[in-house]
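> no FASTA, just this:
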C-alpha cells in the first residue's frame, strides 16, 4: 500500500504511556496498512555517565544494564503479543546508547515516516523539557510525530477492535 | 515522570538534624516513612547502607546521592535533606556534604531509578544551582528552585 504513512515506529520505554501508544500504533498500522516497528533503547549512555561520575560502581552499572535489557525483552514481547491479538505483524528493535540519538538513527535507517510516542509528562521546568528523551526525539526527528493521549479511550478502542 | 513531580515540600528536610552520615540516611528514611512513601523503613535503610559500603555516595562539591533498590517502596521515591553546616560523609573530594538526595526505587523499576539519579546528577553539576540549593532555607524554596531551573 502506498500512502503518507507506510512505516511507523513506536518508541516503547516501559511506561504506561508508551504501552498505550503501542496499542494505538497497532490499530493505526492495521487501519492504514503500514509496516510497524517497535523500539526499546537501553540508555547505556546514562549508565556510563553515572559510572564515570562515581555515582555508580561497576557492579551496579552491570546490574542496571541487565535489568534494562530484561525490561526491553519483556516490553517488546508484550508489544508483539498485543499486535498478534489484532493480527498485525510487527518487528522489534533493541538498541543501546543515547535514546533520542538512537531513535533518530532508526528513523533514518528504516525510512520511517511516522514516529509514535506516549503522552509526555507535564513539563514543569526548563530542565524537564531538556532532559526528557521522548521530548528530545520528538523535536529533532525528521519525520512526523504523533503523541498518543487519552489512555482510557485508546484502551477501549483496542478492546473493541 | 518529571523530577519536580517527586520533589514536594513534604519530602524536603531543612535543616537536617543529624551530624553523622548514617544518621542522615535514617532521618531521610524516617521522613519518607512519615509521608507514607516507605512501607518498610528498616529494610530500606539496610539497602541504603549496603549500597554505601560499596562506595561513598557523597560526591563532590557538597552533593550526596545515596540510593538503593528496595522492596520497602512501591514506586520511585525521593527525599532531600539540606545541612547548611555540612556533614563529613566521606565525600570524594574530602569536603563536607550539604545536600543529600535519597533516591529509592522498587527492584523492578531500574529504568525510572536510573532516570532520576541521572537528572539529579546533571542538575547538580551547575555551580549556581548547587549554591542556591545549599543556601535554601525552606522546603518551599527548594521546590521553587526545581521549578525554575
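Noted; the coordinates are in hand. This is a predicted model, so every value here is computed, not measured.

> at contact distance from chain A, anything in the longest strand along chain B?
Counting by DSSP state E, the longest strand found in chain B is strand B:77-87. No - looking at strand B:77-87 against chain A by C-beta under 8 Å from any C-beta of the partner chain, there are no contacts, and the closest approach is 14.5 Å. Where C-beta positions appear, they are placed from N, C-alpha and C, glycine not excepted.

> Can you give the strand pairings for that strand, parallel or anti for each?
According to DSSP bridges, strand B:77-87 forms sheet pairs with strand B:12-13 (parallel), strand B:97-105 (antiparallel).

> Distance from the chain centre to it, please.
Taking the mean of its C-alpha atoms, strand B:77-87 sits 7 Å from the chain's own mean (C-alpha atoms, centre = their mean, to the nearest Å).

> Quick one: mean pLDDT for it?
For strand B:77-87, mean pLDDT is 96.

> Now that strand: buried residues?
Buried residues in strand B:77-87, counted by 16 or more other C-beta atoms under 10 Å in any protein chain shown: B:77, B:78, B:79, B:80, B:81, B:82, B:83, B:87.

> How many residues are close by residue 106?
Went with chain A since none was named. When neighbours are counted by other C-beta atoms under 10 Å in any protein chain shown, residue A:106 registers 20.

> wait, chain B
Neighbourhood size, residue B:106 [other C-beta under 10 Å]: 17.

> Look at the residue in chain A positioned nearest to chain B and tell me its secondary structure.
As assessed by C-beta to the nearest C-beta, chain B sits closest to residue A:67 within chain A, at 3.7 Å. In the three-state summary, residue A:67 is assigned as helix, counting by DSSP: H, G, I helix; E, B strand; the rest coil.

> how much space between residue A:156 and residue A:79?
Look at residue A:156 and residue A:79: by C-beta to C-beta, to the nearest Å, they are 19 Å apart.

> more crowded one of these two?
Neighbour count, other C-beta under 10 Å: between residue A:156 and residue A:79, residue A:79 has more, with 25 against 11.

> show me the contacts for that one.
Neighbour list for residue A:79: A:10, A:12, A:19, A:22, A:38, A:90, A:92 [criterion: C-beta atoms under 8 Å, 6 or more residues apart in numbering or on different chains].

> residue contacts, the closest residue to the residue of chain A closest to chain B other than its chain neighbours?
With C-beta to C-beta, 6 or more residues apart in numbering or on different chains as the measure, residue B:110 is the residue that lies nearest to residue A:67, at 3.7 Å, once sequence neighbours are left out. Taking C-beta under 8 Å, 6+ apart as the contact definition, residue B:110 lies against A:63, A:64, A:67, A:68, A:71, B:69.

> So for the first one, what pLDDT did the model give?
In this case it means residue A:63. Per-residue pLDDT puts residue A:63 at 96.

> Same check on the last one?
Here, the pLDDT recorded for residue B:69 equals 96.
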